[in-house]
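Trainee: sequence first, predicted coordinates after that:
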Amino acid sequence: MSWQQTGQAAAELVLGATCPGCRCSGLGLCGRCLAAIRATRPFRAAELTGLPPVYAAGPYAGVLRDVLIAAKERSALGLLPILAERLAAALAALLLAIPSSPLPPVQLVNVPTLRARAAERGVDHTRELTRLAAVRLRRLGVAVTARPLLMIQRRPQDQSELTRDQRWRNLEGAFRARSVGSMPVVLVDDIVTTGATLAEAVRACQVAGGVVLGCVTVAATAKGGPC
Ligand SMILES: [Zn+2]
């Protein structure tokens, strides 16, 4: 257990712990919320302009949303393994949808966090989620490697107050990719809303010569059909 996790556990003991999904008392995610997250099924997010296929582990709602927020905003790192498990399921759905057999080895490239506070703390939960998902898939015999190849070239302003069009303009040129090589790329982010961040990540990989098969996220606000 890291010092951060130890500190979090100690704080929970002092302040009173609740499940991040339903707020019932207890340490960590309760059995009912764990089952609810495991019951989510990956789906293809509605087609987003300029993006290859995007598969999400579940809709950005309910327990999945609350747990994702807790992992992100409160750096609840103990929640990352279950989220990585669902991310791995989304990636499996994407790979199965690609008409190519046998499946090629792919590299999972995480979208770097744009949240200044997280960057200052040196916590990038999407990078860690990507690493954990790759470990899980390799254990199942799927040839994937997590490679954090994207860097922030220009830090955009906070997205939260921007309109959809402003978000797209704000992100232009934000990322740069290095050493992408010839292995196909799947981009990974925690959540997709307008698709602007993923589109910028796709652009950066393609400029560096990368072949992007698709994108996977833990959650999506855009609705799509089940797969
Ligand atoms: Zn719960």
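Mentor: Thanks, I have it.

Trainee: and Val186, backbone torsions?
Mentor: Main-chain torsions, Val186, degrees, to the nearest 10: phi -120, psi 120.

Trainee: Pro104 is in contact with that one, correct?
Mentor: No - with contact defined as Cβ atoms under 8 Å, Val186 and Pro104 do not form a contacting pair (10.5 Å). Heads up, the C-betas are built off the backbone N, CA and C, glycines and all.

Trainee: the ion contacts on this structure?
Mentor: When proximity is defined as Cβ under 5 Å from the ion, the chain approaches the ion at 19, 21-22, 30, 33.

Trainee: which strands or helices does the longest helix seen in the chain pack on?
Mentor: As far as residue count goes, and with DSSP state H defining each element, the longest helix of the chain is helix 80-97. Counting contacts by 3 or more Cβ pairs under 8 Å, 6 or more residues apart in numbering; DSSP states H and E, the secondary-structure elements packed against helix 80-97 are helix 31-38, strand 43-44, strand 54-59, helix 62-73, helix 125-139, strand 185-192, strand 212-220.

Trainee: what is the subsequent helix or strand relative to that helix?
Mentor: Past helix 80-97, heading to the C-terminal end, the next element that is a helix or strand (DSSP states H and E) is strand 106-110.

Trainee: export that next one as PDB, just CAs?
Mentor: The C-alpha coordinates for strand 106-110 follow below in PDB (Å, rounded to 0.1, in the frame of the first residue of the first chain):
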ATOM      1  CA  VAL A 106      -2.000  -3.100 -30.100                       C
ATOM      2  CA  GLN A 107      -0.600  -0.300 -28.000                       C
ATOM      3  CA  LEU A 108      -2.800   1.400 -25.500                       C
ATOM      4  CA  VAL A 109      -2.100   5.100 -25.300                       C
ATOM      5  CA  ASN A 110      -3.600   7.100 -22.500                       C
END
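
Trainee: output the below-cut-off pLDDT ranges for the chain.
Mentor: Across the chain, the stretches falling below the confidence threshold (pLDDT under 70) are 1-16, 75, 100-103, 115-122, 222-227.

Trainee: try 90
Mentor: Under the criterion of pLDDT under 90, the regions of the chain flagged as low confidence span 1-29, 46-51, 70-78, 96-104, 113-125, 141-142, 154-172, 179, 193-196, 221-227.

Trainee: tell me the centre residue of it?
Mentor: For the chain, the residue whose C-alpha lies nearest the mean C-alpha position (Cα atoms, centre = their mean) is Asp190; its distance is 2.6 Å.

Trainee: quick one, what contacts that residue?
Mentor: Each residue near Asp190 by Cβ atoms under 8 Å, 6 or more residues apart in numbering is listed here: 68, 72, 125-126, 129, 217-219.

Trainee: and if we set it to 7 Å?
Mentor: Taking Cβ atoms under 7 Å, 6 or more residues apart in numbering, we find Asp190 in contact with 68, 72, 125-126, 129, 217-218.

Trainee: including neighbour count, could those residues go into a markdown table?
Mentor: Putting the contacts of Asp190 into a markdown table (neighbours: other Cβ atoms under 10 Å) gives the following:
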| residue | neighbour count |
| --- | --- |
| Leu68 | 25 |
| Lys72 | 20 |
| His125 | 23 |
| Thr126 | 24 |
| Leu129 | 29 |
| Thr217 | 29 |
| Val218 | 30 |
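
Trainee: so Thr145 sits in a strand?
Mentor: Yes - the assignment for Thr145 (DSSP: H, G, I helix; E, B strand; the rest coil) places it in a strand.
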